[in-house]
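Novice: here are the coordinates; sequence isn't available:
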């Protein structure tokens, strides 16, 4: 729940009113219009929903001078008047409040990105969306290593999205001409042309990767994997950082002639072509369908997905698909049992180059593959619809060589394997609004009356500026020892300022009736 500047202004206006009201004999005032000037006011921030009952234990600001009050995102902000020492009725009328405030968000600028799903089916939730852009177009807003970029689900840059920089060419810099990131979306994009908008934001250029919401591929940082947050973005991920195989893998190693080592990357080496010279690592069962991918140096590499850890004659785990370079035969194939089952060679080509390899199959008996330079292949299997499966990588016994894997992951399968398209908007500065409600509170902090509810302020920006709002309030009564409180809900964190440099701050005309 977020606090708003509008609220603040209202509250302040009311504060002013109340400050003046306390200084007069309210019970004998028949009709009087004055401009109240803030001399002191109570502030309170409460975590919880907007319906939370405010507490009367609030901090009193000192009269005079200058100051500020910050309202954080996810809290409810209250501004209180001084206590009314006499019961009073305040007439209906226009309340005019002007105050100084600014938006407190990390981003200085952002670019809206519209995602359009052209397939008839909705995207899964969560879903990893590929975003490719030209960093040189935004070089004046980006840090040298792109570490100040973040992705958000809203234009006010309040709700960050996990994102992982996969590549940047020709090098990791803001002068690069192509960069690819994966953003984890937490809502589904409707099919048949449904759209959502996310925001690529630029924080101050002194900001770096936080390895939480924004990170990069392990080979893009030094030391290896320093900024890697892939585990936050993908449903399954490992960068083989360090020297110990992560417990998320099971090792399948022949009795001789092969080895598996971890040293900031996974290396599988076969030193002979005997039937015992093979090595794989295979994950636990993952939810179907997903896309399995790995970054590999090729060699005699194999990437596959399988429902079992058993081997089909030491070539690979079976009952699944694999994409491999095996004894000079580069294959994409499906096999249902070791040796005696159905084996379907979909394609054979000269080489599978180093890069990102991809294997997946869908519920429609279709399989999709991509080699290290982006050549795509697809076909129809023999009718088997294999359910949940595991990702595996490694090397068979066919060739003496070594294969190095930098990372392996699984991500959500796009509908019909078609990624939603992206469209970039214009660079802007984040803005937000706030909504204000005026409440009558008794001496115990209970809400007696909601005078006005959720009135929106004008746009609030990143620069401290004057916010002006007029609200028409109804007539209301305040009990003995009661308060007027303004509840602030903002779409972003904000700060309210007052003092000698903002002379009109927190002023409002008001009338008090006996």
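Specialist: Here it is on my side, so go on. Note that the structure is predicted; figures quoted are calculated from it, not measured.

Novice: Only C-alpha atoms from now on, for both contacts and neighbour counts.
Specialist: OK.

Novice: tell me what the helix or strand containing residue 407 is packed against?
Specialist: Assigned by DSSP states H and E, residue 407 belongs to strand 401-412. Applying 3 or more C-alpha pairs under 8 Å, 6 or more residues apart in numbering; DSSP states H and E, we find strand 401-412 packed against strand 127-133, strand 236-238, strand 266-270, strand 290-296, strand 390-395.

Novice: Work out the sheet partners of the third one and label each with its direction, please.
Specialist: Strand 266-270 sits in its sheet next to strand 258-262 (antiparallel), strand 401-412 (antiparallel), going by DSSP bridges.

Novice: mind listing what the closest residue to residue 418 other than its chain neighbours touches?
Specialist: Leaving aside its sequence neighbours, residue 418 sits nearest to residue 119 (C-alpha to C-alpha, 6 or more residues apart in numbering; 7.1 Å). By C-alpha atoms under 8 Å, 6 or more residues apart in numbering, the contact set of residue 119 is 191-193, 415-416, 418.

Novice: angle of the strand holding residue 407 against strand 127-133?
Specialist: 110 degrees (axes from the mean of the first three to the mean of the last three C-alpha atoms, to 10 degrees).

Novice: What angle do strand 290-296 and strand 401-412 make with each other?
Specialist: Strand 401-412 and strand 290-296 are oriented at 150 degrees to each other (the same axes, to 10 degrees).

Novice: Show me what counts as buried in strand 401-412.
Specialist: Buried residues in strand 401-412, defined by neighbour count with 16 or more other C-alpha atoms under 10 Å: 401-412.

Novice: nearest to residue 272, of the residues you listed?
Specialist: Nearest to residue 272 among the buried residues of strand 401-412 is residue 401, at 8.7 Å by C-alpha to C-alpha.

Novice: Quick check: that closest one touching residue 301?
Specialist: No: between residue 401 and residue 301 there is no contact under C-alpha atoms under 8 Å: 9.1 Å.

Novice: give me the low-pLDDT residue ranges for the stretch 351-500 of the chain?
Specialist: Counting by pLDDT under 70, the stretch 351-500 of the chain shows low-confidence ranges at 351, 363-365, 381-386, 498-500.

Novice: repeat that with 50
Specialist: Of all residues in the stretch 351-500 of the chain, none has pLDDT under 50.

Novice: Do a quick rundown of the strands in it.
Specialist: Along the stretch 351-500 of the chain, counting by DSSP state E, counting those that start in this stretch, strands occupy 355-361, 366-370, 376-380, 390-395, 401-412, 421-424, 434-441, 447-456, 465-473, 476-478, 483-490, 494-498.

Novice: got these as TSV, with distance to residue 262 columns?
Specialist: Formatted as TSV, the strands of the stretch 351-500 of the chain follow (distance: least, C-alpha to C-alpha, whole Å):
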stretch	distance to residue 262
strand 355-361	19
strand 366-370	25
strand 376-380	30
strand 390-395	12
strand 401-412	10
strand 421-424	37
strand 434-441	52
strand 447-456	57
strand 465-473	55
strand 476-478	71
strand 483-490	49
strand 494-498	47
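
Novice: which stretch among the ones you listed comes nearest residue 314?
Specialist: Between residue 314 and the strands of the stretch 351-500 of the chain, the tightest spacing by C-alpha to C-alpha is seen for strand 390-395, at 9.3 Å.
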